[in-house]
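J.: model this:
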Amino acid sequence: MTRVGVDVGGTFTDAIARMPDGTWRTGKTLTTPGHLSDGFLTALAQSAGDVSQVEFLVHGTTAILNAVLTGAFPRTALITTDGFRDVLEIMRGDRKDLFDITQRKPAPLVPRPLRFEVEERVDADGSVVEAPTTAHLRAVAERVVESGAEAVAVCLLNSFANPAHEEAVAAAITAAAPGLRVCCSHEVLPVFREYERTSTTVVNALALPLMSDYLQVVLDRLDQQGFRGQFAMMQSSGGLADPSAVRKRPVTTLFSGPAGGVICAQVIGEAAGVDDVFNFDMGGTSCDVAAISGGEPDRVMSFEIGGHPVQMPSLDIVSVGAGGGSIAWVDAGGGLQVGPQSAGAEPGPACYDRGGRLPTVTDAAVVLGRYNSSAALAGALPINHSRALDAITTLAREIDCSAEDAAWGVLRLVNASMANAVREVSVERGRDPRGYAIVAAGGGGAAHAFEVARELEIESVLVPPFPGVASAQGMLLADVRHEHVRTLYRHLDDLGEGELERTVGDLVDEMTAQVEASAVSCSRIVALTSADLRYRNQAWSLNVPVDGAASPERLATMFHGAHRRRYGHAFESAEVELINVRVAAIGVLDSPGLGEPGWIDFPSTHRDVYWGESWGWLDTPVLPRRAVLESGPMAGPLIVEQADTTVVVPPDGEVEALSGGTLRLKVTTPVSTGAERDGEAVAG
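T.: Now for the predicted structure:
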């Protein structure tokens, strides 16, 4: 059985195929903005060869995420209850940074002229206070069509309790314009809190044309090439779903690419016998970091995109603009900065020789000898050392230093930015990062992870067999996952007999049916149930795993315990409220495992590499990954090359191979600078 995972990122499109004989093949090409399916099919063919022989294909992309962040999405309208037109503009009263007096809230995703009101009202218990008339709905629909909107979000007050009016609005719009994409909040997120529900529904609506059109092109082109296998999409939650489900709720795929990397890191940690790891996925545009504790990745029920809340289950991923394509620049005060702007796939870093002239992280690494300038990147993209040197030299003139110092400064800054991202998922959440290992993934992860780990006093870095395509491989290691939530706002003392059990049972049946209807064959289905609970008058809730048959007393006890673990205290005499019920149905798939790398035999050689002020330039051995796997532990300095990444082992490090092909870098205490190393630097 040929299985393939394809990840379309901001700079590169990655693919990995597990062939019927158990071997693995990879593909990597520059992403093709504007025609993403071109890069998708190129990487697919590089890895799998004959597309007609592929039996299982998983796809993830950050295309929707990038569209939201850049504002490059279709004209979208919003229909809401009379008097609530400006919910998106009012937002919440919180300030993201208490000390920044210049901060501004983001502009609404839907401008005011595209926000329309419906004269209707449903009470919080679902009873109809005012029903919209047919004539009024027809008039609103005509105004929406005249606005030129390509997608419509319908979010009425209290529709989570009674969706009848939203259904009537959607029917009126469809009657007026059958081809117009419409989504309703009761289908996307049937929960209370109108702002978060509206924001999430709007993000879903603007993504509808993008995802639907893109998937149609991909599926049509796959069909033309004879593909007849099972096709699944990766979701932000770390699970797979059918294209039909994703077309209805594309908002579930915002972090689908990075989510694959987290799943791969989880499996890498398990294989190495390490329960606590950080996924460290450095690509061309960004670095994505996530924590996996006790073998389980962190999950969240909501997150923000460009300041806009999205309430969807997701792996807890922190992303910073620190990738290989991140641009180095000088601020108004003369200080060196790196990112978040990226050269992307077009034109890319200067060393790609595709028209880029601005200095990037990759250019700095090439100038310092860390990357091979005589071998084609990913086997296809030549590296131009002189272009990289020209770009870094221009930067060096701006800050009045040597090209060497400028390049080293770029690497130190980007490493510091990524180390802060690791601190965000560890120190800021009460964890000691020193007890974790780093799983270095992405094209640049293995080139930077050692120095990031050293700064954080982390002792071990794990490099997967296929780090450059780890996100794509993680998609092949994921299970089918369908999740939904329903508001059941009750004081625990007011819960009717069997009410929670019935609600949970209905959701389990609904989600299980979706998994069973999936085109992906599962070996078994597991249902996970939880509830959002809070103390009365609290603003936010905690998600607690629950059994539908649990008594109110049992629910309260579980919530007190969760509150104590999170905040260090509990109010056991306070009233507890049940807000939402959540169910995740997981269709377990047979795992293809991790595999060992297929080989491109890079030659064993030496080249000068700059290792910072402590060591300067050293003549450094450069080995193919196969040589490391066939030997015992090897001390740095060392450069290890393979088709999809470069592993950088500084002079104070060591690398060894684990069973299964994973490399482990042992990180030592940072060395001191100064005279004690001058002799070594001169000798080198």
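J.: only C-alpha atoms for contact and neighbour calcs from this point on.
T.: Fine.
J.: after the longest helix seen in the chain comes which helix or strand?
T.: Using DSSP state H, we find that the single longest helix of the chain is helix 194-224. Scanning forward in sequence from helix 194-224 by DSSP states H and E, the next helix or strand is strand 230-234.
J.: and that following strand with helix 194-224, angle?
T.: Going by axes from the mean of the first three to the mean of the last three Cα atoms, to 10 degrees, strand 230-234 is angled at 150 degrees with respect to helix 194-224.
J.: how far does strand 230-234 sit from its chain's centre?
T.: 17 Å (Cα atoms, centre = their mean, to the nearest Å).
J.: now it: average pLDDT?
T.: On average, the pLDDT along strand 230-234 is 93.
J.: ditto for stretch 342-359
T.: 87.
J.: before we move on, what about stretch 621-634?
T.: On average, stretch 621-634 scores 88.
J.: make 27 the starting number, not 1.
T.: Got it, the first residue is 27 from now on, which makes the last one we talked about stretch 647-660.
J.: distance between that stretch and the chain's centre?
T.: 32 Å.
J.: what's the answer for stretch 493-512, then?
T.: The answer for stretch 493-512 is 10 Å, by Cα atoms, centre = their mean.
J.: that stretch: which residues count as buried?
T.: Buried residues in stretch 493-512, counted by 16 or more other Cα atoms under 10 Å: 493-512.
J.: how about stretch 70-87?
T.: 70-74, 77, 79-80, 82-87.
J.: quick one: contacts of that stretch?
T.: Outside stretch 70-87, the residues that touch it by Cα atoms under 8 Å, 6 or more residues apart in numbering are 27-35, 41-43, 45, 51-54, 248, 251-261, 266, 279-283, 286, 498, 501-502.
J.: returning to that earlier point: between which two of the buried residues of stretch 70-87 is the distance greatest?
T.: For those, the farthest-apart pair by Cα to Cα is Gln79 and Thr87; their separation is 22.9 Å.
J.: tell me which of the buried residues of stretch 70-87 fall in strands.
T.: Val80, Phe82, Leu83, Val84, His85, Gly86, Thr87 (DSSP state E).
J.: in the sheet, who's paired with the fourth one?
T.: Note on Val84: beta-bridge partners by DSSP bridges are Gly31, Ala258.
J.: report the helix or strand with the lowest average pLDDT across the protein.
T.: Least confident element among the helices and strands of the chain, by mean pLDDT, DSSP states H and E: helix 701-709 (a mean of 40).
J.: the ones in strands among the buried residues of stretch 70-87 into CSV, with extra columns for distance to Ala376?
T.: Formatted as CSV, those follow (distance: Cα to Cα, whole Å):
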residue, distance to Ala376
Val80, 36
Phe82, 37
Leu83, 34
Val84, 32
His85, 30
Gly86, 28
Thr87, 25
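J.: got the domain ranges for this structure?
T.: 28-94+238-279, 100-228, 507-614 (automatic domain parsing).
J.: before we move on, which element is Val170 in?
T.: Assigned by DSSP H and E, Val170 belongs to helix 160-172.
J.: what residues does that helix touch?
T.: Ala103, Leu140, Phe142, Glu143, Val144, Glu145, Ala194, Val195, Ala198, Ile199, Ala202, Ala203.
J.: buried subset of those, written for PyMOL?
T.: Of the contacts of helix 160-172, the buried ones go into a single PyMOL selection, burial set by 16+ other Cα under 10 Å:
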select buried, resi 103+140+142+143+144+194+195+198+199+202
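J.: just flag the most distant two among the contacts of helix 160-172.
T.: Glu145 and Ala203 (20.9 Å).
J.: before we move on, back to that, mind listing what whatever helix or strand comes next after the helix holding Val170 pairs with, with the direction of each?
T.: Going down the chain from helix 160-172, the next helix or strand is strand 177-181, by DSSP H and E. Note on strand 177-181: by DSSP bridges, its sheet partners are strand 102-107 (parallel), strand 207-210 (parallel).
J.: contact partners of strand 177-181?
T.: 100-107, 192, 195-196, 206-212, 220, 223-224, 227-228, 230-232, 234-235.
J.: ok now it, how far from the chain's centre?
T.: Per Cα atoms, centre = their mean, the centroid offset for strand 177-181 relative to its chain is 25 Å.
J.: run the angle between it and helix 160-172 for me.
T.: 140 degrees.
J.: what ranges does the stretch 577-710 of the chain have for its helices?
T.: 578-593, 651-655, 701-709 (DSSP state H, counting those that start in this stretch).
J.: mind listing what's buried in the longest one?
T.: Residues of helix 578-593 classed as buried: Pro578, Leu581, Ala582, Met584, Phe585, His586, Gly587, Ala588, His589 (neighbour count, 16+ other Cα under 10 Å).
J.: then that helix to CSV, C-alphas only?
T.: Output of helix 578-593 as CSV, limited to C-alpha atoms (Å, rounded to 0.1, in the frame of the first residue of the first chain):
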residue,chain,number,x,y,z
PRO,A,578,-23.2,16.6,39.5
GLU,A,579,-21.2,15.9,42.6
ARG,A,580,-18.6,13.9,40.6
LEU,A,581,-18.4,16.7,38.0
ALA,A,582,-17.8,19.3,40.7
THR,A,583,-15.1,17.2,42.3
MET,A,584,-13.3,16.8,39.0
PHE,A,585,-13.5,20.5,38.3
HIS,A,586,-12.1,21.5,41.7
GLY,A,587,-9.2,19.2,41.0
ALA,A,588,-8.6,20.6,37.6
HIS,A,589,-8.8,24.2,38.9
ARG,A,590,-6.3,23.3,41.7
ARG,A,591,-3.8,21.8,39.2
ARG,A,592,-4.1,24.8,36.9
TYR,A,593,-4.2,27.7,39.4
